Structure formats: structure tokens, C-alpha cells
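# Here is my input, please return the structure:
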Amino acid sequence: MSHGKHFTLYSHANGPNPWKIVFLLKELDLDYESVFPDVQKGEHKGPEYLKLNPNGRLPTLIDHKNNDFTIWESGAILLYLVDKYDTEKKYTSTKEPEKYRILQWLFFQVSGQGPYYGQAAWFQVYHPEKVPSAVERYRNEIKRVLGVLESVLSKQEWLAAGKFTIADLAFSTWNGLLGFLLGSEFNFEKEFPATYKWHQKVLEVPGVKAGFEEMARISAH
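Residues are numbered from 1 along each chain as shown. Below you'll find the model as predicted:
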């Protein structure tokens, strides 16, 4: 089967995780086509999609120029893209210990930030019963994660390797939801000033900026 684009990205209009991949694809100037399974109809849990991703979540990436190699889990996809297509290692590092510092923060994002922020969203919006203790727990976990970031970013500009990497990029989508997750009383800039400043710098990275603009256009439809 012939594909016009280098990649097919199975994505979600508002879901934070697929957009990390968009940001990096744009930064690497790699062309892709986004496909949006109808989550309301459960298409991401259907047999066709489960052949691609047995976990039934988004994103999944297919590399048509590498024998239709298919990979899922956003952190793994980011690592695949930098290993294979970031020839200048602009967004990662081959040097030790920098390489492992980047991995350390990427793993913290996918195991810490993403799940806690996601559970906060679940219990505030989607859970059929109101469970104030659960909302409080996950809001506190969000602030704990932000505190970890603040403790490091108050001393250095980027998370690792002295430059913008996939580690910084990976945090941006979920941090973009802080107003929604923590409510209007939360003041990101006041409570976590170094992390806020870093987040604003990440938002100005061209691929990230273009990705958020694309997200806004798609969400509007």
C-alpha cells in the first residue's frame, strides 16, 4: 500500500500525549498524516486499531519508510524518532551522563506527570461519582510534580544536557492544562516561577508552537 506521507500518526484532538509526537515531527521537519479514531464510538478499542496497539490508547505511529514499523507509547515514540531521524542529536545526546539524564526526565514524565495529571482530569470530569478525596489527592500530586521540576529549574535553564531536548518537550502538553486541572485560583507563575518561565520558553520552540496551533485548529472543528 502506497502512502504519500512518511508517517501516519493515530492521534486525539485534545489528548495531550499524541501532540508530543507532533511537536517533534515538526521540529525534525518530518511529514505525517494524523488519523483521529472516534473515541466516543470506541474505535480505539476496536479490533483494527488493537492490531496496531494492543493497549488501545493513543498515540500510535507508523513509519512507512521503515517497512511500516509501528510503535506506541509516547515516550517510546519520541525515543524512536530521535534515534532514527535526529541525525544531529539536537533533541537528545549520545554522551554520558547526559543521555541518561534525558531518559530520567522522560521516564518521570511518562510515569509521574502524565498519569497523575490524567487521573486528576478523570476524577474532575469523567468519573460518574464525585470523589473529593481523589480530586484532592491528584491535585496535590500535580503540585508535587511541579515542585520537583521547580527544585531543578530554579538552578538551571533546561532539564538535561544544557539544552532543549525531548525531555522538556514531553512535559509541555500536560502543563498546558494546569488552569483546567487546578482551577482558576491556581497561579502557575506565582507558585512555581522557574517552572513557569521554562514552560513559556518551551512554548516558543517553533515545532511546539506550530503543534499547539494545529491542535487549536483541530479542536475548533
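# give me the element Ala167 is part of.
helix 166-175 (DSSP states H and E).
# List of residues touching that helix?
16-17, 19-20, 23-24, 27, 74-75, 78-79, 82, 91-92, 101-102, 105-106, 109-110, 113-114, 117-118, 149, 158-160, 195, 198-199, 202-203, 205, 208 (Cβ atoms under 8 Å, 6 or more residues apart in numbering). C-beta here means a position set from N, CA and C on the backbone, and glycine is covered the same way.
# Then stretch 194-203?
With Cβ under 8 Å, 6+ apart as the criterion, stretch 194-203 contacts 146, 149-150, 153-154, 157-158, 164, 168-169, 171-172, 175-176, 188-189, 208-209, 212.
# Could you pick out the buried ones from the residues you listed?
Neighbour-count burial within the contacts of stretch 194-203 applies to 146, 149-150, 153, 158, 164, 168-169, 171-172, 175-176, 188, 208, 212; the criterion is 16 or more other Cβ atoms under 10 Å.
# tell me the strands in this protein, going along the chain?
Using DSSP state E, the strands of the chain run over residues 7-10, 32-35, 60-63, 69-72.
# Quick one: list the elements packing against the second one.
For strand 32-35, the elements it packs on are strand 7-10, helix 16-27, judged by 3 or more Cβ pairs under 8 Å, 6 or more residues apart in numbering; DSSP states H and E.
# The first one - contacts with which helices or strands?
Strand 7-10 is packed against helix 16-27, strand 32-35, strand 60-63, with contacts defined by 3+ Cβ pairs under 8 Å, 6+ apart.
# Only C-alpha atoms, please: export the helix holding Ala167 in PDB.
Output in PDB follows, covering the C-alpha atoms of helix 166-175 (Å, rounded to 0.1, in the frame of the first residue of the first chain):
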ATOM      1  CA  ILE A 166      12.700  15.700  24.200                       C
ATOM      2  CA  ALA A 167      12.600  15.700  28.000                       C
ATOM      3  CA  ASP A 168      11.500  19.300  28.100                       C
ATOM      4  CA  LEU A 169       9.100  18.800  25.100                       C
ATOM      5  CA  ALA A 170       7.400  15.900  26.800                       C
ATOM      6  CA  PHE A 171       6.100  17.900  29.800                       C
ATOM      7  CA  SER A 172       4.600  20.800  27.700                       C
ATOM      8  CA  THR A 173       1.200  19.300  26.800                       C
ATOM      9  CA  TRP A 174       0.100  18.300  30.300                       C
ATOM     10  CA  ASN A 175       1.500  21.500  31.800                       C
END
